[in-house]
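**Q** this is the structure alone, sequence omitted:
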């Protein structure tokens, strides 16, 4: 399905882009998909946006797959196949788990039914 990019819709895209709205939000406001917004922005040669994925902090070691060892957090960070893809690598991991405490808290979230059962017990 193609989007009709009228002069008015294109002007609204440029205005919203310059205000810094996300491509998803621009799409919602214009009634088009995020990918339509990205494609049109590219064709209009609008200024590039910074990636929403934060770069690794300065001085943070980049731990690649071949450098992972037992006891190191294997939480993936970044996009596989990209040069900055890495693993957390923090020590120690939680016993019996592949992640550090911080990443275990994100990975092992109890569902609401489990929380209700343990609260009732």
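**A** Good, I have the coordinates. Given the structure is predicted, the values throughout are model-derived calculations rather than measurements.
**Q** what does the host helix or strand of residue 14 rub up against?
**A** If you go by DSSP states H and E, residue 14 is part of helix 7-18. Helix 7-18 is contacted from outside by 5, 25-26, 29-30, 32, 37, 40-41, 44, 46-47, using C-beta atoms under 8 Å, 6 or more residues apart in numbering. (C-beta placed from N, C-alpha, C; glycine too.)
**Q** what do you get if the cut-off is 7 Å, keeping everything else the same?
**A** For helix 7-18, the surrounding residues in contact (C-beta atoms under 7 Å, 6 or more residues apart in numbering) are 26, 29-30, 37, 40-41, 44, 46.
**Q** the helix or strand following that helix - contacts with which helices or strands?
**A** Note on helix 7-18: by DSSP H and E, the next helix or strand toward the C-terminus is helix 23-30. Helices and strands touching helix 23-30, by 3 or more C-beta pairs under 7 Å, 6 or more residues apart in numbering; DSSP states H and E, are helix 7-18, helix 34-43.
**Q** tell me, what's the model's pLDDT at the nearest residue to residue 29 once chain neighbours are set aside?
**A** Leaving aside its chain neighbours, residue 29 sits nearest to residue 16 (6.4 Å; criterion: C-beta to C-beta, 6 or more residues apart in numbering). With respect to pLDDT, residue 16 scores 94.
**Q** residue 101 versus residue 16, what's the distance?
**A** 41 Å (C-beta to C-beta, to the nearest Å).
**Q** and residue 107, by the same measure?
**A** Applying C-beta to C-beta, the value for residue 107 to residue 101 is 11 Å.
**Q** could I get the buried residue list for stretch 93-104?
**A** For stretch 93-104, the neighbour count (16 or more other C-beta atoms under 10 Å) marks 93, 98-100, 103-104 as buried.
**Q** what about residue 28, how many residues close to it?
**A** 14 (other C-beta atoms under 10 Å).
**Q** hang on, I meant residue 64
**A** 11.
**Q** isn't it up against residue 86?
**A** Yes - counting by C-beta atoms under 7 Å, residue 86 is a contact partner of residue 64 at 6.3 Å.
**Q** could the buried residues of stretch 93-104 go into JSON lines alongside distance to residue 58, secondary structure and pLDDT?
**A** Putting those into JSON lines (distance: C-beta to C-beta, whole Å; DSSP: H, G, I helix; E, B strand; the rest coil; pLDDT from 0 to 100) gives the following:
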{"residue": "93", "distance to residue 58": "25", "secondary structure": "coil", "pLDDT": "93"}
{"residue": "98", "distance to residue 58": "26", "secondary structure": "coil", "pLDDT": "95"}
{"residue": "99", "distance to residue 58": "24", "secondary structure": "coil", "pLDDT": "95"}
{"residue": "100", "distance to residue 58": "20", "secondary structure": "coil", "pLDDT": "93"}
{"residue": "103", "distance to residue 58": "21", "secondary structure": "helix", "pLDDT": "92"}
{"residue": "104", "distance to residue 58": "26", "secondary structure": "helix", "pLDDT": "92"}
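**Q** all good on my end, thank you.
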